[in-house]
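Peer 1: Here is a sequence together with a model predicted from it:
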Amino acid sequence: MTVLLARHDVLLLDLDGVVYVGPDPVPHAVAALTGAHARGLRTAFVTNNAARPAAQVAEHLRSFGLEVSAADVVTSAQAAAREVLRLLGPGARVLAVGGPGVGVALEDEGLVPVGSAADAPAAVVMGFGPEVGWGRLAEAAYAVGAGALLVATNLDTSIPTPRGIAPGNGTLVSAVVAATGHDPDVVAGKPWPPLLLASIERTGATHPLVVGDRLDTDIEAGHRAGIDTLLVLTGVCGVDELLDADPARRPTYVAADLRALSLEADLLVPGAAGAAPDGLQPLRVACARAWTGTTVLQQERAELTAAVAAALRA
Ligand SMILES: [Mg+2]
């Protein structure tokens, strides 16, 4: 019998929907991570969000009482900068389009952020920033039209805000793609591998576990990078999406929240023979059935959704 946290050396944790939701910590997340740290497990906080510099994300996490330094946070802007460095070498000029996190990440890798296509950048790195307007998008289009590589920190189409769903970085990149007819040359963020690979390189992980709340970013990224995944149900993914998931988006382990780190790993696997003491065994059994082609009817889905809500409240 091995608990999940004993099977891995580093957790590659998604943030929104796993550790926090907006400004607030996810219930049980801080205690579970503090307990995991005490047992020697290391964590990297891996985020597609490129707008905030790593130091600012670390400060947010420390406000919950977590022991986190900026070096424990890996952003898609950092992974994008690392890819540009690999492709173009140090000192390359890069047009940065996005929030402060993008320019900081480029400078940290020894690249030179520039403000205009007239500065002849060799690459354009597009990350989200709420101030990005037509003028910046036009500069990006001019640079790409002149032959610069188009690098996207991520292609997330939407971002949650307190007032609802807003356009994400993917929509900004789409504007440049539509104008130039040039698809991104590199995408750093999940589900593409560079962000996870940068996190593994930084931590020296040998048995990492990806932990996320989204099948189409976190879990698919784990598949593409060949890393085991834990889906937690504290974020956007619900029962229907999980049951109906394509093979490339099916997690290794399914749990309500991060308390699962202390549960027996084998019992968290969909289709496991025994029952974990979290009330989600019916969901894991239903996943195994659904993923082998059996239809799960509406009433059972409603019961499973209620079971998830009860497990989260427990
Ligand atoms: Mg998330």
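Peer 2: Received the coordinates, thanks.

Peer 1: Lowest-scoring secondary structure element of the protein by mean pLDDT?
Peer 2: Lowest by mean pLDDT, DSSP states H and E among the helices and strands of the chain is strand 158-161, with a mean of 79.

Peer 1: Need the residues that contact that one.
Peer 2: D16, G22, N49, F128, I165, A166, P167, G168 (C-beta atoms under 8 Å, 6 or more residues apart in numbering). Every C-beta, even on glycine, is put in place using the N, C-alpha and C of the backbone.

Peer 1: What of stretch 187-207?
Peer 2: 7-10, 12, 14, 42, 44, 46, 48, 50, 71, 74, 76-80, 82-83, 151-156, 186, 208, 210, 212, 216-218, 220-225, 227.

Peer 1: buried stuff in the least confident helix or strand of the chain?
Peer 2: For strand 158-161, burial by neighbour count (16 or more other C-beta atoms under 10 Å) applies to I159.

Peer 1: Then stretch 33-49?
Peer 2: Of the residues in stretch 33-49, those buried (16+ other C-beta under 10 Å) are L33, A36, H37, L41, T43, A44, F45, V46, T47, N48, N49.

Peer 1: Can you name the residues that contact the third one?
Peer 2: Right, H37. T43, E67.

Peer 1: Need the phi and psi values for it.
Peer 2: Dihedral angles of H37 (phi, psi; degrees, to the nearest 10) stand at phi -60, psi -40.

Peer 1: Excluding chain neighbours, what is closest to the residue in the stretch 1-150 of the chain that the ion sits nearest to?
Peer 2: Nearest residue of the stretch 1-150 of the chain to the ion (C-beta to the ion) works out as G17 at 3.7 Å. Among residues not flanking G17 along the chain, G235 sits closest, at 2.1 Å (C-beta to C-beta, 6 or more residues apart in numbering).

Peer 1: burial count for the residue of the stretch 1-150 of the chain closest to the ion?
Peer 2: Neighbours of G17 under the rule other C-beta atoms under 10 Å: 20.

Peer 1: G238 is in contact with that one, correct?
Peer 2: No - G17 is beyond contact range of G238, at 11.6 Å (criterion: C-beta atoms under 8 Å).

Peer 1: Among the contacts of stretch 187-207, name the buried ones.
Peer 2: Buried members of the contacts of stretch 187-207, scored by 16+ other C-beta under 10 Å, are 8-10, 12, 14, 44, 46, 48, 50, 74, 76-80, 82-83, 151-156, 186, 208, 210, 212, 216-218, 220-223, 225, 227.

Peer 1: Show the overlap between the residues you listed and what lies near the ion.
Peer 2: Near the ion, taking C-beta under 5 Å from the ion as the test, the members of these found are D14.

Peer 1: Cross the buried ones among the contacts of stretch 187-207 against strands and list the overlap.
Peer 2: V10, L12, A44, V46, V74, V151, A152, V186, P208, V210, G212 (DSSP state E).

Peer 1: Enumerate every residue touching the third one.
Peer 2: With contact set as C-beta under 8 Å, 6+ apart, A44 has these partners: V10, L11, L12, L13, D72, V73, V74, S199, R202, T203, A205.

Peer 1: And the residues you listed, which is closest to H182?
Peer 2: Of all the contacts of A44, the one with the least separation from H182 (C-beta to C-beta) is V74, at 27.3 Å.

Peer 1: Can you get me a residue count around whichever residue of the stretch 151-300 of the chain sits closest to the ion?
Peer 2: Residue nearest to the ion within the stretch 151-300 of the chain: D213 (4.4 Å; C-beta to the ion). Counted with other C-beta under 10 Å, residues neighbouring D213 total 23.

Peer 1: For it, give me the pLDDT.
Peer 2: As summarised for this prediction, D213 has a pLDDT of 95.

Peer 1: do A166 as well
Peer 2: 88.

Peer 1: isn't H223 right next to A248, touching?
Peer 2: Yes - with contact defined as C-beta under 8 Å, H223 reaches A248; the gap is 5.1 Å.

Peer 1: ok, which residues in the stretch 201-314 of the chain are in contact with the ion?
Peer 2: D213, G235.

Peer 1: which residues touch the residue nearest to G17?
Peer 2: D14, D16, G17, V18, V21, G212, D213, R214.
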